[in-house]
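Asks: Here's my sequence, what's the structure:
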Amino acid sequence: MKFRRQALCLLVLGVLIWFLMDAQSVRSAALEALELCAASVIPALFPFLVVSTLLLKLGFSEALSPWLAGLMEPLFRVGGAGGAALVLGLAGGYPVGARTAAELYTAGSLSREEAERLLSFANNSNPVFLISVLGVGVFGSVRTGVWLWLIHVLCALLTGLFFRGNGSSFGRQYVKRQSASQNISFSAALVQSVREGLGAILSVCAFVVFFYVLSRPLLSLGGTTGTVAVGMTELFSLTPLLTPDRMGFALAAAMSGWGGLSVLCQTAAVVEPSGLSMGRAAAGKAIHGLLSGLLGWLLAGYVLA
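Replies: The predicted model follows:
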């Protein structure tokens, strides 16, 4: 452990020296990332963070639970309340699903086992990013973006089936809920949701900026290797590197499923207060990325025809 810590210290020291020696390029990359946050990340994500938190505070998961229990429990071995994280995660993008799962666990609506299982497949990309940014921006086609979204959703559900294992859910057993939805007023819930959403979006943007800067030297690798390396690090940086062909489509699908190290850190930031482990979340994103890339490669000929 001592050797590992020393190695990490040397690595971080190397990054610091790079930042100092190439300060102008680092500054330019950070400025680009801040502009990206202002133009894309905040408008696309902040409203979803606020609304998803507000829904949970008003009892959305409890209202949804009876309707989705018949699907969530037998398929994923997660209580019906977990359906809120899956639905909001698919609609809101990274890291809304993870944040919702953590809040459901904190409220007592899910067990630790259920919440960590949910983290493996409920934390997903925003359909606006897949359809508009990738579909239209890279491939010039809404249809292609819709196919990317369908692949993304299908592979997320397949990942959930993979992680169901031999686990169990609370099912119809009594669950102690510490929900404030019975007593909180709408105005109080709204104020709290905006404050919590602001904290979450600041954390997300901080990781986007940091990993955007770290991904810049990877561009020098060139070709598919450079594209994959950038995508593994920071998802937004990948977009201008993709080509509108079969390889580009497969990489777009794979890296959207994986999310990048930036997304994993964003997820860790919103999950950390709950005390949930990130192990299954990271493994789930890796499997999601592999499945999405494989399916994207197989379907690219049809989609791009």
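
Asks: Show me which helix or strand of this protein is least confident by mean pLDDT.
Replies: Least confident helix or strand, the chain: helix 60-76 with a mean of 78, by mean pLDDT, DSSP states H and E.

Asks: other SSEs contacting the helix or strand just after it?
Replies: Counting by DSSP states H and E, the next helix or strand C-terminal to helix 60-76 is helix 82-92. For helix 82-92, the packing partners by 3 or more Cβ pairs under 8 Å, 6 or more residues apart in numbering; DSSP states H and E come out as helix 42-57, helix 60-76, helix 96-107, helix 112-119, helix 142-162. Every residue, glycine included, has its C-beta placed from N, CA and C.

Asks: orientation of the last one relative to helix 60-76 in degrees?
Replies: Using axes from the mean of the first three to the mean of the last three Cα atoms, to 10 degrees, the interaxial angle of helix 142-162 with respect to helix 60-76 works out to 70 degrees.

Asks: tell me which residues in helix 142-162 are buried?
Replies: Applying a neighbour-count criterion of 16 or more other Cβ atoms under 10 Å, the buried positions in helix 142-162 are 144-145, 147-149, 151-153, 155-157, 159-160.

Asks: helices and strands around it, which ones?
Replies: By 3+ Cβ pairs under 8 Å, 6+ apart, helix 142-162 packs against helix 60-76, helix 82-92, helix 246-258, helix 279-303.

Asks: Residue 32: which of those is closest?
Replies: Comparison of the helices and strands packed on helix 142-162 against residue 32 by Cβ to Cβ identifies helix 246-258 as nearest, at 18.9 Å.

Asks: Could I get the buried residue list for the closest one?
Replies: The neighbour-count check on helix 246-258 (16+ other Cβ under 10 Å) flags 246, 248-258 as buried.

Asks: Give me the mean pLDDT for the very next helix or strand once past that helix.
Replies: Heading C-terminal from helix 246-258, the first helix or strand you meet, by DSSP H and E, is helix 261-271. On average, the pLDDT along helix 261-271 is 89.

Asks: Quick one: work out the angle between helix 261-271 and helix 96-107.
Replies: Between helix 261-271 and helix 96-107, the angle comes out at 20 degrees (the same axes, to 10 degrees).

Asks: who touches helix 261-271?
Replies: Outside helix 261-271, the residues that touch it by Cβ atoms under 8 Å, 6 or more residues apart in numbering are 94-95, 98-99, 101-102, 119, 123, 200, 203-204, 207-208, 210-212, 232-235, 278, 281-282, 285.

Asks: about what we covered before: pLDDT and distance to residue 25 added to the buried residues of helix 246-258, as TSV?
Replies: Below are these laid out as TSV (pLDDT from 0 to 100; distance: Cβ to Cβ, whole Å):
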residue	pLDDT	distance to residue 25
246	93	33
248	93	26
249	95	31
250	95	30
251	94	25
252	94	27
253	95	31
254	95	28
255	94	24
256	94	27
257	95	30
258	94	26
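
Asks: how about the buried residues of helix 142-162, which pair is most distant?
Replies: Greatest spatial distance in the buried residues of helix 142-162: 144 and 160, 25.1 Å, computed using Cβ to Cβ.

Asks: Please identify the most buried of the helices and strands packed on helix 142-162.
Replies: helix 82-92 (a mean of 26; mean count of other Cβ atoms under 10 Å).

Asks: Distance from that helix to the middle of the chain?
Replies: 11 Å (Cα atoms, centre = their mean, to the nearest Å).

Asks: okay, it in PDB with CA atoms only?
Replies: Listed next in PDB are the C-alpha coordinates belonging to helix 82-92 (Å, rounded to 0.1, in the frame of the first residue of the first chain):
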ATOM      1  CA  GLY A  82     -36.000   1.900  -7.800                       C
ATOM      2  CA  GLY A  83     -38.000   2.400 -10.900                       C
ATOM      3  CA  ALA A  84     -37.800   6.200 -10.200                       C
ATOM      4  CA  ALA A  85     -34.000   6.000 -10.500                       C
ATOM      5  CA  LEU A  86     -34.200   4.100 -13.700                       C
ATOM      6  CA  VAL A  87     -36.800   6.400 -15.400                       C
ATOM      7  CA  LEU A  88     -35.100   9.600 -14.200                       C
ATOM      8  CA  GLY A  89     -31.600   8.300 -15.100                       C
ATOM      9  CA  LEU A  90     -32.700   7.400 -18.700                       C
ATOM     10  CA  ALA A  91     -34.400  10.800 -19.100                       C
ATOM     11  CA  GLY A  92     -31.900  13.100 -17.200                       C
END
